[in-house]
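Participant: Could you work out the structure for the sequence below:
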Amino acid sequence: MRILLASHTPLDGSGSGIYIQKIAELLLAQGHEVATLCPAGSSTEIHPFRHEVIGTPGRPGRWNLPFDFPSFSGHRDSAALYEDLDADSVAVYLDVWSGALTELAREFRPDVLHVNHAFLIACAAAGIPSLPYVVVSHGSEFFRRSGTAFEAYQRAGLKAARELVAITPGIGALMSEAAGIDGGRVHIVSPGFDPEVFRPSAVDRAAVLESFGLSGNRPCVAYVGRIVEYKRVPDVLAAVAALPAVERPQLLVVGDGPGLPQAVEAAQRLGLSEAVFAGHLADPAKVAELLNAIDLLVLPSENDPYPMTAIEALACGTPVLTSDRCGVTDIVADTAGAVYPVGDTRAIAAFVRQAVRDDWKGTRGPNGPERVAAKGWQAIAARLLDVYRRAAQPGR
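Facilitator: Now for the predicted structure:
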């Protein structure tokens, strides 16, 4: 097949972009012809597939926006949000994307277009009648959009799609409601992880923790991910700070984002002088080492559609503590970690204490790999390919 994949963010710096990159690599390896289209970012990585970009004032491309590319919650290469766009800017955004998709449809002649998110790019694709497309919703367009101004665009993009995909059943329900269609028409296909990288490994725990300035002889809990408001990183800081000093584990925060300064300030205000903020860790192998070395991953997010670090931690045999507003609660349950009411820092503290005291790493951690065994990237790409083939059928 010839498959064009489009995303509203660059291929690095966000889960959506990484998702597109992984699918593109796997499809290419299987012998399909692949092209991607997304905004230009700061990465200079050369990709094995055809990669086209939409430029911005600082990074011009073949097609260009007159402003920084927007996203739902910020990106390391652009702080612009969809809520910042006025009606004129939305019109320009749609015009640029429509032009780029039209030209690529003529040049690349894709059998199908994969659009990340049920939002403006899908609406742009709806205006190209010769281009069958699939919309994949990751949930952010439902949880973090501003107001109702975009609903007409969203509905238009969904209604004209050949097939719809959601990464969780809950997002599928939101998608079918927004499109005004039966929920049975939405395929549920979660994102994947690399089982060759994220797996239980006998790492040198002391060496890994000491590389972050931590002790290799004390328990360590960590947060890994973007630091933005809905991730609620201050919740885990407050919970750990509330524990008696003799029961307090080391705390490592890995990630960057617009909420990082506030998180550092909160740690200082709470007296967590031993908390380590390590910044972004780009190398997946290093992330896997870290996830194998820590005792517990804590994800306090609110309305987080599908935090991939939870899946990766479970794959490494590390238990996960997550709020009940994350899209992985059914996977974590009480067998591979625990789930608590979002915002309840007392519950976080109690579970952290229990995880360290009762050695969840040794008792619940081994359940993790089995819980995510069917979520490797190869299986996910195969399921998406089936959806693409359905969408590309003549007469649909």
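
Participant: what helix or strand does residue 47 sit in?
Facilitator: Using DSSP states H and E, residue 47 falls within no helix or strand.

Participant: next one: the one 4 residues further on
Facilitator: For residue 51, the host element (DSSP H and E) is strand 50-55.

Participant: on contacts alone, who are the packing partners of that strand?
Facilitator: strand 33-39, strand 63-64, helix 87-108 (3 or more CB pairs under 8 Å, 6 or more residues apart in numbering; DSSP states H and E). Placement of C-beta: from N, CA and C, glycine included.

Participant: Keeping just the C-alphas, turn that strand into CSV.
Facilitator: The C-alpha trace of strand 50-55 is given here as CSV (Å, rounded to 0.1, in the frame of the first residue of the first chain):
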residue,chain,number,x,y,z
ARG,A,50,9.7,10.2,2.8
HIS,A,51,9.2,13.1,5.3
GLU,A,52,7.5,16.4,4.3
VAL,A,53,7.1,19.3,6.7
ILE,A,54,5.0,22.4,7.0
GLY,A,55,7.1,25.3,8.0
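
Participant: which neighbours does that strand have in its sheet, and in what orientation?
Facilitator: Using DSSP bridges, the strands paired with strand 50-55 are strand 33-39 (parallel), strand 63-64 (parallel).

Participant: and those, which is most packed in?
Facilitator: Mean neighbours per residue, mean count of other CB atoms under 10 Å, is largest over those for strand 33-39, with a mean of 23.

Participant: Quick one: the helices in the stretch 101-250 of the chain, in order.
Facilitator: Here the stretch 101-250 of the chain has its helices, by DSSP state H, counting those that start in this stretch, at 120-126, 140-143, 151-159, 169-179, 205-210, 233-242.

Participant: so for the second one, what's the average pLDDT?
Facilitator: Taken as a whole, helix 140-143 has an average pLDDT of 84.

Participant: And for the fifth one?
Facilitator: For helix 205-210, mean pLDDT is 96.

Participant: Could you do the last one as well?
Facilitator: Summarised as a single mean, pLDDT over helix 233-242 is 97.

Participant: and after that helix, which helix or strand comes next?
Facilitator: Later in the chain than helix 233-242, the nearest helix or strand by DSSP H and E is strand 250-254.

Participant: which outside residues touch that following strand?
Facilitator: Outside strand 250-254, the residues that touch it by CB atoms under 8 Å, 6 or more residues apart in numbering are 209, 212, 214-215, 218-225, 227, 233, 236-237, 240, 263, 272, 274-281, 287, 290, 294.

Participant: looking at the protein, which residue ends up farthest from its center?
Facilitator: What lies farthest from the middle of the chain is residue 246; by CA atoms, centre = their mean that is 35.4 Å.

Participant: What's the separation between it and residue 55?
Facilitator: 55 Å (CB to CB, to the nearest Å).

Participant: and what of residue 61?
Facilitator: To residue 55, residue 61 is 3 Å away according to CB to CB.

Participant: what touches both of these two?
Facilitator: Shared contacts of residue 61 and residue 55, defined by CB under 8 Å, 6+ apart, are found at residue 40.

Participant: Who has more neighbours out of the two?
Facilitator: When neighbours are counted by other CB atoms under 10 Å, residue 61 and residue 55 differ, and residue 55 comes out ahead with 17 against 14.

Participant: State whether that one and residue 68 are indeed in contact, as I suppose.
Facilitator: No - contact criterion CB atoms under 8 Å: residue 55 and residue 68 do not qualify, at 10.6 Å.

Participant: Give me the residue ranges of the stretch 51-200 of the chain where confidence is low.
Facilitator: 144-148 (pLDDT under 70).

Participant: let's see 80
Facilitator: For the stretch 51-200 of the chain, applying pLDDT under 80 flags the ranges 143-149.

Participant: residues contacting residue 33?
Facilitator: Contacts for residue 33 (CB under 8 Å, 6+ apart) come out as 1, 2, 3, 108.

Participant: ok, now which ones touch the closest residue in space to residue 100 that isn't next to it in sequence?
Facilitator: Once flanking residues are discounted, residue 100 sits nearest to residue 63: 4.3 Å by CB to CB, 6 or more residues apart in numbering. Shown in contact with residue 63 (CB under 8 Å, 6+ apart): 54, 55, 96, 99, 100, 103.

Participant: and those as a markdown table, adding distance to residue 373?
Facilitator: Output for the contacts of residue 63, formatted as a markdown table (distance: CB to CB, whole Å):
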| residue | distance to residue 373 |
| --- | --- |
| 54 | 37 |
| 55 | 41 |
| 96 | 42 |
| 99 | 43 |
| 100 | 39 |
| 103 | 42 |
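
Participant: Just among those, which is most surrounded?
Facilitator: Counting neighbours by other CB under 10 Å, residue 54 leads the contacts of residue 63 with 24 neighbours.

Participant: Quickly note the distance from that one to residue 153.
Facilitator: To residue 153, residue 54 is 17 Å away according to CB to CB.

Participant: tell me the mean pLDDT for stretch 357-364?
Facilitator: Averaging pLDDT along stretch 357-364 yields 97.
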